[in-house]
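Asks: sequence and predicted model, in that order:
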Amino acid sequence: MQKHTFSISSIDDLPNLAKQIISLYSSKKIFLFYAEMGAGKTTLIKALCKELGSIDQFSSPTYSVVNEYKIIHQPLSIFHIDLYRLNDLNEALDIGIEEYINGTDYCFIEWPELVEPLLPDGCVRVEIKTDGNNREITIFMS
């Protein structure tokens, strides 16, 4: 299993971390984010979107569930999906989760536990653990 662990202590470390993640997993399109509330999932996703070439305004999709960001000079989009407010798998199916995860665009999914039965092999799993201002980010293939 390919596994990488990074430690960061400042938000200023995120652009470099995003560059490393995209470089290591350049062929992957589905990224799953596991962490407690407030650990920095959305902030890391914003850095990844910028690294991929999106210049859109980024915001948490907690209430909208799905935000789409365009990548300049590419036909691909990034779908930022936050499943925190969904109660069951049927609600995920209602938002079209299968189309997102089976498509060719990037999917960055926060709180993916609900849809794990639907996920294809080879997703990139991102786990964030916090200790004060320090973050340990472990990344591996699921």
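Replies: Received, thanks. Numbers count the residues shown, from 1 in each chain.
Asks: just give me the neighbour total for N16.
Replies: A total of 13 residues lie near N16 under the criterion other CB atoms under 10 Å. (C-beta placed from N, C-alpha, C; glycine too.)
Asks: let the chain start at 18 from now.
Replies: Noted, 18 is the first residue going forward, which turns the last one into N33.
Asks: which element is it on?
Replies: helix 31-41 (DSSP states H and E).
Asks: so for that helix, mean pLDDT?
Replies: The average pLDDT for helix 31-41 rounds to 95.
Asks: which residue would you name as the spatial centre of the chain?
Replies: For the chain, the residue sitting closest to the mean C-alpha position, by CA atoms, centre = their mean, is F125 at 2.9 Å.
Asks: next, that one: phi, psi?
Replies: Backbone torsions for F125, taken as degrees, to the nearest 10, come to phi -110, psi 110.
Asks: show me what the helix holding N33 is packed against.
Replies: strand 20-25, helix 58-69, strand 151-158 (3 or more CB pairs under 8 Å, 6 or more residues apart in numbering; DSSP states H and E).
Asks: 7 Å instead, please
Replies: strand 20-25, helix 58-69 (3 or more CB pairs under 7 Å, 6 or more residues apart in numbering; DSSP states H and E).
Asks: quick check: next helix or strand after the longest one?
Replies: Heading C-terminal from helix 58-69, the first helix or strand you meet, by DSSP H and E, is strand 83-87.
Asks: what pairs with whichever strand or helix holds F48, parallel or antiparallel?
Replies: Element membership for F48 (DSSP H and E) is strand 47-51. Strand 47-51 pairs in its sheet with strand 123-127 (parallel), strand 141-148 (parallel), by DSSP bridges.
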